[in-house]
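S.K.: based on what follows, work out the 3D shape:
(chains A, B, C and D)
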Protein chains: 2
Amino acid sequence: MATIRQVSKHANVSVATVSRVVNGNKWVSDSTREKVLQAMKELGYKPNSFAKALATNRSDTLGMVVSDLAGPFFGEMMRAAEDTVRKQGKHLIITSGHESFDSEMDAIEFLMQRRVDALLLHVESIPDNDLIKMCDEYSIPIILINRRVPELADNCISLDNDMGGYLATQHLLDQGHTAIACIAGPLFKADARARLAGYRRAIEQAGLRYDERLVIESDYQEEGGTQSIERLNRRKADFTAVFAHNDHMAIGAMKALKADGKRVPDDVSVVGYDDMVMARYTVPGLTTVNIPVAEFGRQAADLALLKLGDREGSVTQKYQPELVVRQSTTRPKR
Amino acid sequence: MATIRQVSKHANVSVATVSRVVNGNKWVSDSTREKVLQAMKELGYKPNSFAKALATNRSDTLGMVVSDLAGPFFGEMMRAAEDTVRKQGKHLIITSGHESFDSEMDAIEFLMQRRVDALLLHVESIPDNDLIKMCDEYSIPIILINRRVPELADNCISLDNDMGGYLATQHLLDQGHTAIACIAGPLFKADARARLAGYRRAIEQAGLRYDERLVIESDYQEEGGTQSIERLNRRKADFTAVFAHNDHMAIGAMKALKADGKRVPDDVSVVGYDDMVMARYTVPGLTTVNIPVAEFGRQAADLALLKLGDREGSVTQKYQPELVVRQSTTRPKR
DNA sequence: GGTTATAATGTAACCGGTTACATGTTGGTT
DNA sequence: AACCAACATGTAACCGGTTACATTATAACC
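M.R.: You can find the predicted model right below:
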């Protein structure tokens, strides 16, 4: 692969001149520019990004860590982030954190070795404190996606999960439900806690009592949703509606209800959370809370570019979820 | 950020010695090694991957181009490829080709500038000829995923699409269908042509006549599936089963059939292709052809590593699809 | 003691760009 | 003719690693 010196020889100019042509510096006469471009084409010259990054101490690349490369959630986010970054002529390197502390740290290490200009992190296993330390230590912008660390508020892009839980519950209350079960995500996760808080807020605001027996802590898996219904049954809990903290669990719950001979929504209404693709295809269609996933990616990238000084303006950092009403909810029939 | 020279000063040794410690070279005494490791820790030293890559002319990184970062198909593939690559201590940079020629070339350009050690390409818009030229020009392994270019057979990981079309059609024939419509993908794409060829082979092998009026060329979109049924109706085509070249179109077709008052599978059986996640959630569950997506990613990575000499053994390069039977197909009722 | 093999460490050129600074050229002013 | 501004181009140091080769220290053998 041709180097800048080969090009300079071939075009009978100095390396500095070639560099100027490549970088669009204006101090080059038209005739020289032509000569150089010609030489570049003839030799198939492509600048070596390593040499460039080494010399400039800039990689023009942002790094992104996601929990998992598969899954609709991350796909949309990555796409939006990449689009945004590319429009600025920069690039995005995406790595997977595999939802484990070591692996997430590994991924960050890798990106730092590549000297990325900024980090977009969607990490779940690294505690707040380590993140705070990291922001101190590394001198590049670090954006946290779908996470809220008070000390790093300026670097967080997060969803108002409390509001989401509130919306879902309020929708059921509006329809006349008064006994609403809640299948929660693992409560060590902040988003599950916030969704639960929103649920509770709606319940109490409606003048109802918050009943712990109607709340089950589960695991965000479909199977967990199924088991949660069974656990509710064993508790002999009485309810006409279920709010699950994600769509997987909602689908699991619907299966369990069906197995019990209950009809959705006639006997029990169900609301999910996330609006995954499949929510459109279940029968009945799942009423759920939409997360603006693509927005997350776009805005995280924008925020990073902003901090790098490559973009002007400001960035919204907290998003409002929206309720998507389908067929899995209706007025209680009894 | 500390450099190797700072570390060498701090530990009172030469840069060569530090480099030896970092790279696990054995010509270092234990006491010196200790000293150096200590210095590295104290300064928080992280090797600059650019400098390293520049000096060694190796990046220990593979590049991957996918059509779209979102979508379950690519997600699984990326994950499998990344896992495989990481196990070899290397890394993967993924970029999106956005299904356009310019964009795909762009992505490749970017990866070449990063001097990746090999390319894993899932591209659709770059013609065979350009790919062949590329393989000549670049001196690194280039693996083509889900594509079959005869001249580059050794670098292709592909699915036997002909077999997939055959399997789907044969399944319907086995159940007794004799009038099977086919909603094809855009025929400028090789995979659609192969699936159609498989369909035709099964039909003719069964002693039936290949009837062009039962074949519609569509666009791989859900809406296209819907329209295809309408077009078949306008042609007054008579059929008891439909084979769609992907699940999106199959779902669109089912909707159109339902709108026509026809029941699936009692009046018309439907088979899709791809086994996307949603195929499990449609009603009735969609019979479809499974693509071993994760295998694609894994094997593409393995093949590249093999060619780089970092792995031994051989790699299967053509995969057999499998039929997944669900509830959308049954014996014809008339 | 001299010779030699082996281990441990250092020196400096090199990878391929960028860029501060030096130098050369041209045309216009006074 | 002398001077200067503006433009065009070249030279060489530098970014932070790797590594061939040189050098020195240590032990072993005759």
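S.K.: tell me the residues of the stretch 201-334 of chain A that contact chain B?
M.R.: A:I251, A:V277, A:M278, A:Y281, A:T282, A:V283 (C-beta under 8 Å from any C-beta of the partner chain). Using the backbone N, CA and C atoms, a C-beta is placed for each residue, glycine as well.
S.K.: return the member of these nearest to A:R58.
M.R.: Within these, distances to A:R58 taken as C-beta to C-beta reach their minimum at A:V277, with 38.1 Å.
S.K.: quick check: the closest residue to the closest one other than its chain neighbours vs A:D247, distance?
M.R.: Among residues not flanking A:V277 along the chain, A:P72 sits closest, at 5.3 Å (C-beta to C-beta, 6 or more residues apart in numbering or on different chains). The gap separating A:P72 from A:D247 is 10 Å, by C-beta to C-beta, to the nearest Å.
S.K.: same check on A:N23?
M.R.: 49 Å.
S.K.: tell me where chain A has helices.
M.R.: Counting by DSSP state H, the segments of chain A that form helices are A:4-11, A:15-22, A:30-43, A:49-56, A:72-87, A:101-113, A:128-137, A:161-174, A:190-205, A:222-234, A:247-259, A:293-308.
S.K.: can these go into a markdown table with extra columns for distance to A:E322, mean neighbour count and mean pLDDT?
M.R.: Putting the helices of chain A into a markdown table (distance: least, C-beta to C-beta, whole Å; neighbours: other C-beta atoms under 10 Å in any protein chain shown; pLDDT from 0 to 100) gives the following:
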| stretch | distance to A:E322 | mean neighbour count | mean pLDDT |
| --- | --- | --- | --- |
| helix A:4-11 | 52 | 18 | 94 |
| helix A:15-22 | 47 | 18 | 94 |
| helix A:30-43 | 51 | 15 | 93 |
| helix A:49-56 | 41 | 18 | 93 |
| helix A:72-87 | 15 | 23 | 90 |
| helix A:101-113 | 30 | 18 | 89 |
| helix A:128-137 | 28 | 14 | 92 |
| helix A:161-174 | 8 | 22 | 96 |
| helix A:190-205 | 14 | 20 | 95 |
| helix A:222-234 | 22 | 19 | 96 |
| helix A:247-259 | 15 | 23 | 96 |
| helix A:293-308 | 11 | 24 | 92 |
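S.K.: nearest to B:S158, out of these?
M.R.: The closest of the helices of chain A to B:S158 is helix A:72-87. By C-beta to C-beta, the value is 23.2 Å.
S.K.: packing partners of that closest one?
M.R.: If you count contacts as 3 or more C-beta pairs under 8 Å, 6 or more residues apart in numbering or on different chains; DSSP states H and E, helix A:72-87 packs onto strand A:61-66, strand A:91-96, helix A:293-308, helix B:72-87, strand B:91-96.
S.K.: partners of the first one, with directions?
M.R.: Which is strand A:61-66. Under the criterion DSSP bridges, strand A:61-66 sits next to strand A:91-96 (parallel), strand A:118-121 (parallel) in its sheet.
S.K.: A:K35: what's it in contact with?
M.R.: Contacts here follow C-beta atoms under 8 Å, 6 or more residues apart in numbering or on different chains; on that basis A:K35 touches A:A11, A:N12, A:V13.
S.K.: whoops, I mixed them up, A:Q88
M.R.: A:L305, A:D310, A:R311.
S.K.: ditto for A:L173
M.R.: A:I180, A:A202, A:I203, A:A206.
S.K.: now swap in A:R231 and tell me
M.R.: With C-beta under 8 Å, 6+ apart, A:R231 has these contacts: A:I216.
S.K.: and it, how far from A:L208?
M.R.: 21 Å.
S.K.: same thing with A:Q327?
M.R.: In terms of C-beta to C-beta, A:Q327 sits 25 Å off from A:L208.
S.K.: so A:Q327 sits right up against A:T287, yeah?
M.R.: Yes. Here A:Q327 lies in contact with A:T287, judged by C-beta atoms under 8 Å, at a distance of 7.4 Å.
S.K.: okay, these two: which has more neighbours?
M.R.: Higher neighbour count among A:Q327 and A:T287: A:T287, with 25 against 14, using other C-beta atoms under 10 Å in any protein chain shown.
S.K.: so what sits opposite that one in the bridge?
M.R.: A:V271.
S.K.: so how far is chain B from it?
M.R.: Look at A:T287 and chain B: by C-beta to the nearest C-beta, to the nearest Å, they are 15 Å apart.
S.K.: residue contacts, that residue?
M.R.: Here A:T287 is in contact with A:H171, A:S269, A:V270, A:V271, A:G272, A:L323, A:V324, A:V325, A:R326, A:Q327, A:S328, A:T329 (criterion: C-beta under 8 Å, 6+ apart).
S.K.: check the gap between the residue nearest to the first one when sequence neighbours are not counted and B:L308 for me.
M.R.: Spelled out, it's A:H171. Excluding the flanking residues, the one nearest A:H171 by C-beta to C-beta, 6+ apart is A:L323, at 5.6 Å. According to C-beta to C-beta, A:L323 and B:L308 sit 51 Å apart.
S.K.: before we move on, the earlier item: now do the shared contacts for A:P72 and A:D247.
M.R.: A:M276.
S.K.: who touches the closest residue in space to A:M77 that isn't next to it in sequence in this structure?
M.R.: The shortest distance from A:M77 to any non-neighbouring residue, by C-beta to C-beta, 6+ apart, is to A:G297 (3.8 Å). Contact partners of A:G297, counting by C-beta under 8 Å, 6+ apart, are A:E76, A:M77, A:M78, A:R79, A:A80, A:A81, A:E82, A:T84, A:I145.
S.K.: so how many other residues sit close to the closest residue to the last one other than its chain neighbours?
M.R.: This means A:I145. Nearest non-adjacent residue to A:I145, counting by C-beta to C-beta, 6+ apart: A:H122, 4.3 Å away. Counted with other C-beta under 10 Å, the neighbours of A:H122 add up to 25.
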